[in-house]
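Engineer: Would you be able to build a 3D model of this:
(one chain, ligands or ions: 1)
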Amino acid sequence: MRTKFQPVNIRWRYLTVALLALAAALFLLPVLGKKDHGACAAPVLNKQEVFIRRNKSTEVHLRKLSAAQRKKVSWHCSDYKVVRLTRYRNTVRIYARKSGQALVWATYKSRRYFCTVTVGTGRRVSAQTKLWIERRDRQAAADQAEAAKKAALAEAAEEAKKKVPLLMASPTGKKILIVCGHGQGDPGAVSKWGYESTYTRQFGTLVAQKLQQSGAFTVDLFNTSLNLYSQVKKVVTSSMTSKSVIQNALKKNPAIPDLTSYAYILEIHFNAKEVKDPDGNGSYTGIGYYVHGGKSDRTIERTIMNTIADSGFKAWGGYVYSELLNARVCQALGVNYALLETAFIDDGDDMRFYTEDKENMATIAANAVTAYFDAKR
Ligand SMILES: [Zn+2]
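Structural biologist: Okay, the predicted model is just below:
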C-alpha cells in the first residue's frame with residue numbers, strides 16, 4: 001500500500017547514498033590527487049570546435065593547469081562581430097552574436113590554443129579570421145613535424161638499444177668467403193616476399209661487411225652476379241671425389257676463386273616449406289643450416305643458429321646434407337663450409353623478423369665466425 005510519505009523516504013535514501021559517496025570521495029581525494037599529473041601535462045582545450053546558435057552561448061576552458069597557472073591564461077578572438085567573450089582565468093564563455101565563423105583562442109606561455117566557433121550557418125568569415133585560420137594551421141603543421149621528429153628520435157634510441165654490438169678482433173690472417181646462393185638466372189625459392197636470390201645477396205653482403213669491419217679477416221664476397229653452384233657444376237662432375245681431381249677441375253673455371261685459401265666458407269640461402277604461410281600465422285619456422293656429414297665441427301653454424309634464435313627468432317635445426325654439391329666439394333678440399341638457411345621466404349612471420357632484424361642477424365653471424373677464430377689462435 002502506498003503512503004504519502006514514501007517519496008520522502010526515497011529522497012532520504014538518495015541523500016544518504018549521496019553523503020556516503022561524498023565521504024568516500026573526500027577520503028580518496030589525497031590518493032587520487034597524487035596520481036593526477038594534470039599540472040605538469042601539456043594544457044589542452046576541452047573543445048576545439050563549437051557550434052552555437054545565434055543568441056546562445058557556450059563555455060570553453062583550458063584544461064590541465066594548476067590554480068596558479070590558470071591566472072596566466074588570456075583569451076582572444078578573431079572576429080568580435082561574430083562572438084563576444086566573457087573571460088575568467090582559464091575559462092571563457094562565448095556568446096553568439098551574428099552568423100559566421102571565428103577563432104577563439106587561449107594564450108598561455110606564448111602558445112595559442114585554438115577553438116573554431118561556428119555561429120548559425122557560419123558563412124561569414126572575415127579576412128582577419130581567415131588570417132588566423134592560416135596561423136592556426138601553420139602551428140598545427142609545425143606541431144605535427146615536431147611530434148614526428150620526436151617519434152623518429154625515440155625510435156632511433158630504441159633501435160640503438162636493441163643493436164647487437166659487433167665483435168672486434170685483431171687480424172687472424174685468415175680469409176673468409178661469403179657466398180650468396182642462387183642468382184645468374186636462378187631465383188631460388190619465390191614467394192610474395194620476392195626472390196630468394198635477392199635476399200641471399202642482401203644478407204650475404206651484410207655478413208661480409210660486418211666480418212670485414214671486425215678487423216679479424218680478409219673477407220671475399222663471391223661475385224654476386226654469379227651462382228657458385230652452377231659455376232662449380234660446370235667443371236666438377238659427380239664422379240670426381242679426390243681432392244686433387246676436384247682442385248684441378250675447379251682451376252679450369254676462372255670465375256671460382258681458390259676455395260682452399262679460405263678458413264671458412266658460408267653460403268647464404270633462404271628456406272621454403274611444403275605448407276606455405278606467406279602472410280604469417282603468428283609463429284616462426286626459423287633459421288637453420290646444412291653441413292656435410294663428414295664435417296664434425298659445427299660450432300660456428302650452431303652458434304649462429306642458436307644466438308639468432310635467442311634474439312627472438314626460432315631455431316629450425318641443423319641438418320646433414322652430404323649431396324649438396326658445394327658442401328661435397330669443400331669437404332673433399334678440406335675446407336670448413338656451411339650452408340645457412342637464414343629464414344623461410346614463404347613464412348610471413350620469418351620474413352617480417354628478417355626484415356626488421358637483418359642487421360642484428362648479420363652481426364650475430366659475423367660475431368660467431370670472429371669468436372671461433374679468435375679463440376683458436
Ligand atoms: Zn636456396
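Engineer: okay, now the residue of the stretch 251-377 of the chain found nearest the ion: neighbour count?
Structural biologist: The ion sits closest to residue 269 of the stretch 251-377 of the chain, with a gap of 3.5 Å, by CB to the ion. From N, CA and C alone the C-beta is placed, and that goes for glycine too. Residue 269 has 26 neighbours, counted by other CB atoms under 10 Å.
Engineer: and it, that one's in a strand?
Structural biologist: Yes - judged by DSSP: H, G, I helix; E, B strand; the rest coil, residue 269 forms part of a strand.
Engineer: OK, contacts around it?
Structural biologist: Contacts for residue 269 (CB atoms under 8 Å, 6 or more residues apart in numbering) come out as 181, 182, 188, 196, 200, 339, 340, 341, 342.
Engineer: Repeat that for residue 49.
Structural biologist: Residue 49 touches 115, 116, 118, counting by CB under 8 Å, 6+ apart.
Engineer: about what we covered before: may I have the beta-bridge partners of the residue of the stretch 251-377 of the chain closest to the ion?
Structural biologist: Beta bridges link residue 269 to residue 341, judged by DSSP bridges.
Engineer: how near is it to residue 55?
Structural biologist: 77 Å (CB to CB, to the nearest Å).
Engineer: Same check on residue 266?
Structural biologist: Relative to residue 55, and taking CB to CB, residue 266 is found at 81 Å.
Engineer: Give me the more crowded residue out of those two.
Structural biologist: residue 266 (26 against 11).
Engineer: I'd say that one and residue 365 touch.
Structural biologist: Yes - the criterion here is CB atoms under 8 Å, and residue 266 meets it with residue 365 at 7.4 Å.
Engineer: what residues do the two have in common as contacts?
Structural biologist: 207, 340.
Engineer: Would you map the strands across the stretch 1-150 of the chain?
Structural biologist: In the stretch 1-150 of the chain, the strands defined using DSSP state E, counting those that start in this stretch lie at 44-45, 49-52, 57-63, 74-77, 83-88, 91-96, 100-108, 111-119.
Engineer: hmm, back to that, now, which of the contacts of residue 49 sits nearest the ion?
Structural biologist: residue 116 (59.7 Å).
Engineer: and the gap between the closest residue to that closest one other than its chain neighbours and residue 123?
Structural biologist: Leaving aside its sequence neighbours, residue 116 sits nearest to residue 49 (CB to CB, 6 or more residues apart in numbering; 4.7 Å). Here residue 49 is placed at a distance of 17 Å from residue 123 (CB to CB).
Engineer: And residue 43, by the same measure?
Structural biologist: 32 Å.
Engineer: Repeat that for residue 278.
Structural biologist: Using CB to CB, we find residue 278 at a distance of 54 Å from residue 123.
Engineer: More neighbours: which of the two?
Structural biologist: residue 278 (15 against 10).
Engineer: Quick check, the more buried one in contact with residue 346.
Structural biologist: Yes - counting by CB under 8 Å, residue 346 is a contact partner of residue 278 at 5.3 Å.
Engineer: what residues are shared contacts of the two?
Structural biologist: Counting by CB under 8 Å, 6+ apart, the residues touching both residue 278 and residue 346 are 191, 193.
Engineer: Next one, pLDDT for the residue positioned nearest the centre of the chain please.
Structural biologist: In the chain, the residue lying closest to the centroid (CA atoms, centre = their mean) is residue 356, at 6.6 Å. Note on residue 356: pLDDT of 94.
Engineer: tell me the contacts of it?
Structural biologist: Contacts of residue 356 (CB under 8 Å, 6+ apart): none.
Engineer: swap the cut-off to 10 Å and go again
Structural biologist: 159, 162, 312 (CB atoms under 10 Å, 6 or more residues apart in numbering).
Engineer: gap between it and residue 204?
Structural biologist: 18 Å.
Engineer: same deal with residue 41?
Structural biologist: Taking CB to CB, one finds residue 41 at 50 Å from residue 204.
Engineer: out of the contacts of residue 356, who's nearest residue 132?
Structural biologist: Set against residue 132, the nearest of the contacts of residue 356 by CB to CB is residue 159 (40.3 Å).
Engineer: mind checking the SS state of that closest one?
Structural biologist: helix.
Engineer: count of residues packed around residue 318?
Structural biologist: Residue 318 has 18 neighbours, counted by other CB under 10 Å.
Engineer: list the contacts for it?
Structural biologist: 287-291, 298, 301-302, 304-306, 338, 341.
Engineer: And for residue 224?
Structural biologist: With CB under 10 Å, 6+ apart, residue 224 has these contacts: 178, 179, 180, 183, 184, 197, 200, 201, 202, 204, 205, 208.
Engineer: The residue lying closest to residue 241 once chain neighbours are set aside is in what secondary structure piece?
Structural biologist: Using CB to CB, 6+ apart and skipping residues adjacent in sequence, the residue nearest residue 241 is residue 332, 6.4 Å away. Per DSSP states H and E, residue 332 falls inside helix 325-333.
Engineer: Buried ones in that helix, by neighbour count?
Structural biologist: 326, 327, 328, 329, 330, 331, 332, 333 (16 or more other CB atoms under 10 Å).
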